[in-house]
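# My questions concern the predicted model and sequence given below.
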Amino acid sequence: MQEQALIPNLFRTEYRKIVSVLCSLFGIDHIEIAEDIVSDTFLTATETWSINGIPENPTAWLYTVAKNKTKNHLKRNSLFQQKISNEIKYSSRNYEEFEIDLSDKNIIDSQLAMMFTICNPSISKDSQISLALNLLCGFGIQEIADAFLVTKEAVYKRLNRAKEKLKTEGIKIEPPSVSQILSGSETVFTTLYLLFSEGYYSTSQHTVLRKDLCLEAIRLTLLLLENKLTNVPATHALLSLMYFHSSRFNARINDKGENILYEEQDDSLWDVELIKKGIKHLNQSATGDALTKLHLEAAIAYWHTKKKDNDEKWENILQLYNRLLQIEYSPMAALNRTFSFAKVRGKSAAIIEAEKLKLINNPFYYSLLGYLYTDIDRSKAIQHFEFAIKMSSSQTIINTFKRYIDTLETK
C-alpha cells in the first residue's frame, strides 16, 4: 500500500488503540496530552516515511515511536512527574525502564474502559457519540462535522464541553466493574445504537461516511463480546439488529441519493451473509431470561429480511411492535407500527390509527399519511407529501417526497 493511502488507513485503525491505552494510563484529566502524543507520532511517521520509505512493519514502528514519545514526555514534564507518576504507579526515576502495554488484550481492555467512560450519563447523547467517534473510532473533526451536518467549530465545542464535564465529575478511565456494567450497559447500548443510526438513517449523501459509521458501531459492539462481563444476550441482540439493517444498506438509496421505500427495494441487493450473521446473533440473544427492546427491534429487523411478502410476516411484525410499545413507548416506533398495521388491516384502518398519533411536527408522519392515502384519495396523498416537504430540512428527503408526488400526478 502506498504511503498516501497507508497513513490515513493506519490513523483510523491504530490512533484509537494507542489513544485508549494512553488515556487509561494518564487519566481523564490529561486526555489532550494522550491525543497530542499520538497525533505527533503520526506526524513523525508522515515526515520519516516520506524520506526513508515505509518500514517493514508500520504498525510496530508506530507503537515504538508512541512509546518513546511518551517516555520523553514523562522525563521532561515536571507536571507529569509530580502529579501523574503516582496515578500510573511508577516510582522509579529511570523512565527508560518504563513500558507501555500495547498488547492486544490491553488495547481491548483500554477501549472497553474508554467506552464506559465516554458513555457517562453526565454528558449528552450527541457528546457521547462525538467522543466515541473521535476517541474510539479515530474520526477527525471534519468527519464528525459531516456526520452530524454541523460546523467544525460546533464539534470542537461539543468535544471540549464533554471532556471538561467528565473531568469535573471526576470520572475515572478504568475497566468497568460488574456493578458498573450492570448499571451502565444500557447507556453504552444506547450510544452504540445511536452511532449506528447516525450512519444508517443519516440524510447525508456521503455514502462512504455513512457506511463507516455503521461499521464502527458494529466493531465496538463486537468489542463488547470480547469481554465475558459484557458478552450478554442484549449485546447479541444489538449486534443482530445492526447486521439485519446493514444487510439492506445498498438497497435503500438509488443512484441519485434518494431514499427507497422498503416496498420498492431491490431485494437482490440485500447482503445474504450479513443476514446469516444477524440470525446467528439473534439466536444467541435468546439464551437469557430478559426480553429487552433490543431483542424486539432485532426480531422486527429479522422479519424485514424475509423477501416473501405474506400475512405471517406482517402479523409477526405488528405483534412485535405492539410488545415494543408496551415496554417503551416511542413516537417513531408507533409510526413504524402503523405501516405494518396497514399491511395486516388495510390502509383505511391504518389512516385512523396514524391520525391518532397527531405527530404534526414530524415530516415522516405526513409522508406515512401520503403513502396510506395513495390508493384512496390521490389529492390528499399529494397534500400530505407537500406538508412533509415543507417540514423537511434535508434535500435528500425532499427529493424523495417530490418523486412520490410526481408519480401520483402522472397517474
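Nice, thanks for sending it over.

# Can you name the next helix or strand after the lowest-mean-pLDDT helix or strand in the chain?
Here the helix or strand of the chain ranked lowest by mean pLDDT, DSSP states H and E is helix 78-79, holding a mean of 58. Next helix or strand after helix 78-79 toward the C-terminus (DSSP states H and E): helix 104-118.

# Can you name every helix or strand that that following helix contacts?
helix 3-26, helix 178-200, helix 207-225 (3 or more Cβ pairs under 8 Å, 6 or more residues apart in numbering; DSSP states H and E). Just so you know, the C-beta spots here come from the backbone N, C-alpha and C atoms, and that holds for glycine as well.

# For the longest one, give me every contacting residue.
For helix 3-26, the surrounding residues in contact (Cβ atoms under 8 Å, 6 or more residues apart in numbering) are 1, 31, 33-35, 37-39, 41-42, 45-46, 49-50, 54, 58-59, 62-63, 66, 70, 84, 87-88, 100-102, 106-107, 109-111, 113-114, 135-138, 173-174.

# For residue 234, find the nearest of the helices and strands packed on helix 104-118.
helix 178-200 (6.3 Å; Cβ to Cβ).

# any idea of the angle the closest one forms with helix 207-225?
160 degrees (axes from the mean of the first three to the mean of the last three Cα atoms, to 10 degrees).

# what helices or strands is helix 178-200 leaning on?
If you count contacts as 3+ Cβ pairs under 8 Å, 6+ apart, helix 178-200 packs onto helix 104-118, helix 125-131, helix 141-148, helix 207-225, helix 233-247.

# rerun at 7 Å
Using 3 or more Cβ pairs under 7 Å, 6 or more residues apart in numbering; DSSP states H and E, the elements in contact with helix 178-200 are helix 104-118, helix 125-131, helix 207-225, helix 233-247.

# Quick one: distance of it to the chain centre.
Remark: helix 178-200 is offset 9 Å from the chain centroid, using Cα atoms, centre = their mean, to the nearest Å.

# what angle do it and helix 233-247 make?
Going by the same axes, to 10 degrees, helix 178-200 makes 10 degrees with helix 233-247.

# Dump helix 178-200 to CSV, keeping only the CA atoms.
These are the backbone C-alpha positions of helix 178-200, laid out as CSV (Å, rounded to 0.1, in the frame of the first residue of the first chain):
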residue,chain,number,x,y,z
VAL,A,178,-19.6,-5.9,37.5
SER,A,179,-21.8,-3.2,39.2
GLN,A,180,-20.7,-0.6,36.6
ILE,A,181,-21.6,-2.9,33.8
LEU,A,182,-25.0,-3.7,35.3
SER,A,183,-25.7,0.0,35.7
GLY,A,184,-24.0,1.4,32.6
SER,A,185,-24.6,-1.2,29.9
GLU,A,186,-27.9,0.3,28.8
THR,A,187,-26.3,3.7,28.2
VAL,A,188,-23.5,2.0,26.2
PHE,A,189,-26.0,0.1,24.2
THR,A,190,-28.0,3.3,23.5
THR,A,191,-24.8,5.2,22.4
LEU,A,192,-23.8,2.4,20.0
TYR,A,193,-27.4,2.2,18.7
LEU,A,194,-27.4,5.9,18.1
LEU,A,195,-24.0,5.8,16.5
PHE,A,196,-25.3,3.1,14.1
SER,A,197,-28.4,5.2,13.4
GLU,A,198,-26.3,8.2,12.5
GLY,A,199,-25.0,6.2,9.7
TYR,A,200,-28.0,4.1,8.7
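
# Just the buried positions in it, please.
Using 16 or more other Cβ atoms under 10 Å as the burial criterion, the residues of helix 178-200 that qualify are 181, 184-185, 187-193, 195-200.

# And stretch 22-40, by the same measure?
In stretch 22-40, counting by 16+ other Cβ under 10 Å, buried: 22-28, 30-31, 33-35, 37-38.

# Can you tell me which of the residues you listed is nearest residue 223?
Nearest to residue 223 among the buried residues of stretch 22-40, with distances taken as Cβ to Cβ, is residue 24, at 14.4 Å.

# That closest one: what's its closest spatial neighbour, skipping adjacent residues?
On the basis of Cβ to Cβ, 6 or more residues apart in numbering, the spatially nearest residue to residue 24 that is not a chain neighbour turns out to be residue 110, at 4.3 Å.

# May I have the residues that are in contact with residue 122?
Contact analysis of residue 122 by Cβ atoms under 7 Å, 6 or more residues apart in numbering lists 165, 169.

# what's the pLDDT at it?
For residue 122, the pLDDT comes out at 89.

# Does it fall in a helix, a strand, or a coil region?
Following DSSP: H, G, I helix; E, B strand; the rest coil, we place residue 122 in the coil state.

# do the same with residue 288
Classified using three-state DSSP, residue 288 is coil.

# looking at it, it is touching residue 233, isn't it?
Yes: counting by Cβ atoms under 7 Å, residue 288 touches residue 233, with 3.6 Å between them.

# Show me which of these two is the more surrounded one.
Applying other Cβ atoms under 10 Å to residue 288 and residue 233 shows that residue 233 carries more neighbours, namely 19 against 14.

# coming back round to it: any idea which of the buried residues of helix 178-200 is the one closest to residue 228?
Nearest member of these to residue 228, counting by Cβ to Cβ, is residue 181, at 10.4 Å.

# Quick check: that closest one vs residue 394, distance?
37 Å (Cβ to Cβ, to the nearest Å).

# Show which residues not belonging to whichever strand or helix holds residue 42 make contact with it.
In the assignment (DSSP H and E), residue 42 maps to helix 31-52. Identification of contacts with helix 31-52 by Cβ under 7 Å, 6+ apart yields 3, 7, 11, 15, 18-19, 22-23, 26, 62, 65-66, 69-70, 73, 163.

# What pLDDT does the model give the nearest residue to residue 66 once chain neighbours are set aside?
In space, and not counting its chain neighbours, residue 66 is closest to residue 41: 4.5 Å by Cβ to Cβ, 6+ apart. Per-residue confidence (pLDDT) for residue 41: 96.

# Contacts only, for residue 347.
Residues near residue 347 by Cβ under 7 Å, 6+ apart: 372, 375-376.

# Show me the shaky parts of the stretch 101-250 of the chain.
Counting by pLDDT under 70, the ranges of the stretch 101-250 of the chain that qualify are 202-209.

# what residues are up against the residue nearest to residue 195 when sequence neighbours are not counted?
Distance criterion Cβ to Cβ, 6+ apart; nearest residue to residue 195, sequence neighbours excluded, is residue 217 at 4.4 Å. Applying Cβ under 7 Å, 6+ apart, one finds that residue 217 lies in contact with 192, 195-196, 199, 242.
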